[in-house]
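Novice: Quick check, what structure comes out for this input:
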Amino acid sequence: MTDHSFFSKERITASPGYNRWLVPPAALAVHLCIGQAYAFSVFNEPLTRVLGVTQPVAEDWKLTSVGWIFSLAIVFLGISAAFGGKWLEKVGPRLTMLTSACCFGGGFLVSALGIWLHQMWLVYLGYGVIGGIGLGLGYVSPVSTLIKWFPDRRGMATGMAIMGFGGGALIGAPASVALMDYFKSPSSTGLTETFLVMGGVYFVSMLLGALTIRIPREGWKPEGWIPPVTVSRMVSHNHVHIDQALKTPQFYMLWLILCLNVTAGIGVLGQASVMIQEMFHGSITALAAAGFVGLLSIFNMGGRFIWASVSDFIGRKMTYTLFFALGAALYAVVPSLGQSGNMLLFIACYALILTAPLPEGRGFPIHREQDSGT
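Specialist: Sure, this is the predicted structure:
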């Protein structure tokens with residue numbers, strides 16, 4: 001029996017002649033919101049003085065405890081993305097994106113309650129668990145949908161989606177600082193109100209994306225595009241089901257590489273604001289640190305699109321090899337730059353590191369195609 005409910009795949013299947021370029025804005029409406037996770041470090045220091053307001057007091061949360069909020073969000077991003085992919089294919093992107101909006105926006109609201117009551121477990125539950133689930137579901141649905149609309153440029157399609165995720169901090173970091181400044185008072189850091197506002201705004205934006213998303217009809221292909229009949233050096237036309245992929249050693253080798261890559265990228269993004277303030281103590285204000293987070297976001301956003309598009313021409317293997325090697329070299333240089341006080345090169349190295357789609361490890365459409373020879 002065909003499902004014609006408002007959230008069904010049938011209701012969001014595009015009609016003939018639909019312009020596929022209307023889909024990327026819907027994807028960006030979600031990814032620019034969930035990309036706020038990369039700006040969470042601007043909250044770290046204020047969260048350590050919720051009670052003291054201007055200076056931390058004995059009862060305030062420690063930075064080590066605050067750091068787990070972002071870590072939990074990333075863990076649940078990965079878990080929900082892994083298990084949500086099959087659900088997405090079953091129910092379609094609209095319901096998946098709506099669920100993501102409820103979780104991500106709702107996570108902010110639960111965290112606001114936790115800050116107001118000064119209960120860290122509520123913040124862990126809100127932003128870390130519930131918000132993290134929203135991150136994962138919100139990540140996979142636009143990427144999967146865009147790849148279906150752009151089979152002729154899968155790398156570019158993935159890049160369009162994930163550059164929004166990388167660019168979320170560009171909006172989220174200064175917006176967070178501005179809201180905290182607006183709501184702060186002699187007795188409050190303004191964090192509770194900031195979380196309430198951001199939760200509401202992000203929910204509305206993601207809801208708009210969910211309502212406007214469309215999927216192509218069965219058998220659709222871009223006008224004038226003829227699928228290649230021969231296997232190139234870059235692309236295999238074989239599709240491996242996820243249940244079968246989990247039985248192969250290649251899957252776990254790839255997972256291990258990406259896991260190590262994730263650890264490095266997340267280590268930077270999770271503490272970017274606090275890191276640069278402590279590294280160059282007295283020279284960097286909270287606003288300037290938010291600018292640093294925003295700068296990383298710009299490079300991460302641009303790098304996602306550029307690397308993914310380049311992978312369409314030089315292959316996924318070569319692209320991964322290039323930015324893995326570049327990242328390793330830059331990470332080795334950064335500590336000495338910080339110790340020497342060379343702020344310009346310190347920032348430049350991290351900006352280059354973040355051009356690679358490191359943090360979530362899903363920069364290229366490896367779930368739909370693979371390099372020949374693997």
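Novice: all contacts plus neighbour counts: C-alpha atoms, from now on.
Specialist: Noted.
Novice: Which stretches in the stretch 1-150 of the chain count as strands?
Specialist: Here the stretch 1-150 of the chain has no strands by DSSP state E, counting those that start in this stretch.
Novice: In it, where is pLDDT below threshold?
Specialist: When residues are selected by pLDDT under 70, those of the stretch 1-150 of the chain lie in 1-4.
Novice: residue boundaries of the helices in it?
Specialist: Taking DSSP state H, counting those that start in this stretch as the criterion, the stretch 1-150 of the chain carries its helices at 23-34, 41-47, 63-91, 93-117, 120-123, 131-149.
Novice: These: which one's closest to residue 247?
Specialist: Among the helices of the stretch 1-150 of the chain, the nearest to residue 247 by CA to CA is helix 63-91 (15.3 Å).
Novice: Deepest in the core, which of the helices of the stretch 1-150 of the chain is it.
Specialist: Greatest average neighbour count among the helices of the stretch 1-150 of the chain goes to helix 131-149 (a mean of 28), per mean count of other CA atoms under 10 Å.
Novice: next helix or strand past it?
Specialist: Counting by DSSP states H and E, the next helix or strand C-terminal to helix 131-149 is helix 154-183.
Novice: what separates residue 80 from residue 160, distance-wise?
Specialist: Look at residue 80 and residue 160: by CA to CA, to the nearest Å, they are 22 Å apart.
Novice: Equivalent analysis for residue 95, please.
Specialist: 21 Å.
Novice: again with residue 82
Specialist: Residue 82 is 21 Å from residue 160, where distance means CA to CA.
Novice: Show me where the stretch 251-374 of the chain has its helices.
Specialist: Counting by DSSP H, counting those that start in this stretch, the helices of the stretch 251-374 of the chain are 272-279, 286-314, 316-340, 343-353.
Novice: can I get the ones you listed in JSON lines with distance to residue 17?
Specialist: Below are the helices of the stretch 251-374 of the chain laid out as JSON lines (distance: least, CA to CA, whole Å):
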{"stretch": "helix 272-279", "distance to residue 17": "45"}
{"stretch": "helix 286-314", "distance to residue 17": "26"}
{"stretch": "helix 316-340", "distance to residue 17": "32"}
{"stretch": "helix 343-353", "distance to residue 17": "40"}
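Novice: which stretch among the ones you listed comes nearest residue 213?
Specialist: Closest of these to residue 213 is helix 286-314, at 20.6 Å (criterion: CA to CA).
Novice: Give me the buried positions along that closest one.
Specialist: Neighbour counts over helix 286-314 (16 or more other CA atoms under 10 Å) mark 286, 289-312 as buried.
Novice: Now do that helix against helix 316-340, angle only.
Specialist: Orientation check (axes from the mean of the first three to the mean of the last three CA atoms, to 10 degrees): helix 286-314 against helix 316-340 gives 150 degrees.
Novice: Give me the residue ranges of the stretch 251-374 of the chain where confidence is low.
Specialist: 258-267, 269-271, 356-374.
Novice: Give me the neighbour count for residue 319.
Specialist: Per other CA atoms under 10 Å, the neighbour tally for residue 319 reads 19.
Novice: go on, the one 4 residues further on?
Specialist: Residue 323: 19 surrounding residues under other CA under 10 Å.
Novice: can you list the helices of the stretch 1-150 of the chain in a markdown table and add distance to residue 244?
Specialist: Shown next, in a markdown table, are these (distance: least, CA to CA, whole Å):
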| stretch | distance to residue 244 |
| --- | --- |
| helix 23-34 | 29 |
| helix 41-47 | 38 |
| helix 63-91 | 13 |
| helix 93-117 | 24 |
| helix 120-123 | 38 |
| helix 131-149 | 19 |
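Novice: Out of those helices, flag the one nearest residue 274.
Specialist: Closest approach to residue 274 among those (CA to CA): helix 41-47, 6.8 Å.
Novice: Please compute how far the closest one lies from its chain's middle.
Specialist: The chain centroid and the centroid of helix 41-47 are separated by 19 Å under CA atoms, centre = their mean, to the nearest Å.
Novice: Out of the helices of the stretch 251-374 of the chain, the one nearest residue 128 is which?
Specialist: Nearest to residue 128 among the helices of the stretch 251-374 of the chain is helix 272-279 (18.1 Å), distances taken as CA to CA.
Novice: I am finished for the moment; much appreciated.
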